[in-house]
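Asker: show me how the following folds:
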Amino acid sequence: MDIGVVLQTTPPSARVVDLGTKAETYGFTHVWTFDSHILWQEPFPIYTQILANTRKVIVGSMVTNPATRDWTVTASVFATLNEMFGNRTVIGIGRGDSAVRVINGKPTTLATLRESVNVIRELVNGRTAEYRGSKIRFPWASRSRAEVWVAGYGPKALKLIGEVGDGFILQLADPHITEWTIGAVRKAAEEAARDPDDVMICVAAPAYVTEDLAHARDQCRWFGGMVGNHVADIVARYGETSAVPRELTDYITGREGYDYNEPGQAGNVHTESVPDEIIDRFCILGPVEEHVRRLEVLKSLGVHQFAVYLQHDAKDETLQAYGEKVIPAIADTVRAKT
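Answerer: As a prediction, this is how the structure comes out:
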């Protein structure tokens, strides 16, 4: 199992670059960032610095969307990074949340998301795409290669991911929900005549290595509020009696909005109602042994990567604990002599 890290592009940008560089040193395989240009800094200039200061780590968005930028611009930026740094990017994309809601927009439709995935993937891989009635291609990007991983929760989104996604990003670490979503994605892939094993599975959630569970919960409670935004959309679309697991929908009952002035940070007043049980299920908190146990469970369910959301007050400590203890513990054992 690969281990990635998800960074928030909060100033100073040098700190974000520093964390991304340290992540490679500690054995993380991927460095992801948010992509919400009003709330935080623009990620792409930061990607150039992380890539320039590392040798192997793969850098990507968790997640971009089809609404903020023209799709050809998104593809061009990633293809340019590939030319500069040697195909070390991955494109995470979803319908759009804070990046569009802050400017009074709405998440795109699934049909738009599907079309954008196809256009971006063709262009970033040096192929021809049909866009707005024209067939276009980057004449300078024949060697560029990047996958497009799609984030989603609801039944129709999971079906889309199985049909067109190179990978699936699930932003929570609850084993039951993970199993349900992976099953839906794989079923859709099979029905689309794809090999389900070709769809990479990435689970992303806050991880906090500590003996002080109460403090870790308070630091990560914001995550339940963020996930709740997407869950609220699912309930509005499918109702509370849909096929979506109750574990994913019950906790938003009585939810009173969400403050986009305080996203992705401890102390968000609109997340105080998120119960401890949800934090314990959606995040990975506690001593090293608990992290290893949960990651082994996720691995057994078919998860290829766990990406650590690092939005709390123990960023360096978490990177170090994962690098020195967690990552070695879950690595496949290779014997020098048998």
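
Asker: quick one: least confident helix or strand in this structure?
Answerer: helix 246-249 (a mean of 66; mean pLDDT, DSSP states H and E).

Asker: show me what secondary structure element comes after that helix.
Answerer: helix 276-282 (DSSP states H and E).

Asker: what's that next one in contact with?
Answerer: 172-174, 205, 213, 217, 220-221, 223-224, 227, 247, 251, 285 (Cβ atoms under 8 Å, 6 or more residues apart in numbering). In short, each C-beta sits where N, CA and C put it, glycine included.

Asker: switch the cut-off to 6 Å
Answerer: 172, 174, 205, 217, 220-221, 224, 251 (Cβ atoms under 6 Å, 6 or more residues apart in numbering).

Asker: same thing with stretch 192-209?
Answerer: 6, 163, 167-173, 178, 182, 185-186, 189-190, 216, 220, 223, 282-285, 298, 302-309, 312, 318, 321.

Asker: cool, and stretch 166-176?
Answerer: 92, 147-149, 151, 161, 181, 185, 199-205, 227, 247, 281-282, 284, 297.

Asker: which SS state does the most centrally placed residue in the chain fall under?
Answerer: Against the mean C-alpha coordinate of the chain, by Cα atoms, centre = their mean, the closest residue is residue 62 at 4.2 Å. The three-state assignment at residue 62 reads strand, by DSSP: H, G, I helix; E, B strand; the rest coil.

Asker: give me the nearest residue to it, chain neighbours excluded.
Answerer: residue 32 (3.8 Å; Cβ to Cβ, 6 or more residues apart in numbering).

Asker: for residue 4, same thing?
Answerer: residue 30 (3.2 Å).

Asker: how close does residue 54 sit to residue 210?
Answerer: 27 Å (Cβ to Cβ, to the nearest Å).

Asker: before we move on, what about residue 81?
Answerer: From residue 81 over to residue 210 (counting by Cβ to Cβ), the distance is 35 Å.

Asker: so those two - more neighbours on which side?
Answerer: A side-by-side neighbour count of residue 81 and residue 210, using other Cβ atoms under 10 Å, places residue 81 first with 22 against 19.

Asker: report pLDDT for the more buried one.
Answerer: Residue 81 carries a pLDDT value of 98.

Asker: tally of neighbours for the residue nearest to residue 4?
Answerer: Based on other Cβ under 10 Å, the number of other residues close to residue 30 is 23.

Asker: for it, grab phi and psi.
Answerer: With angles defined as degrees, to the nearest 10, residue 30 sits at phi -130, psi 140.

Asker: and if you look at residue 334?
Answerer: According to degrees, to the nearest 10, residue 334 has phi -120, psi 120.

Asker: drop anything exposed from the contacts of stretch 192-209.
Answerer: Listed as buried from those are 6, 163, 167-173, 178, 182, 185-186, 189, 216, 220, 223, 282-285, 298, 302-309, 312, 318, 321; burial here means 16 or more other Cβ atoms under 10 Å.

Asker: just the helices in the stretch 51-200 of the chain please.
Answerer: 71-85, 98-101, 110-124, 155-164, 175-191 (DSSP state H, counting those that start in this stretch).

Asker: check those for me: which has the lowest mean pLDDT.
Answerer: The bottom spot among the helices of the stretch 51-200 of the chain, by mean pLDDT, belongs to helix 98-101, with a mean of 86.

Asker: just the CA coordinates for that one, please, in CSV.
Answerer: C-alpha atoms of helix 98-101 as CSV (Å, rounded to 0.1, in the frame of the first residue of the first chain):
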residue,chain,number,x,y,z
SER,A,98,-15.5,25.0,-1.7
ALA,A,99,-13.9,26.3,-4.9
VAL,A,100,-17.3,26.8,-6.5
ARG,A,101,-19.6,27.4,-3.5
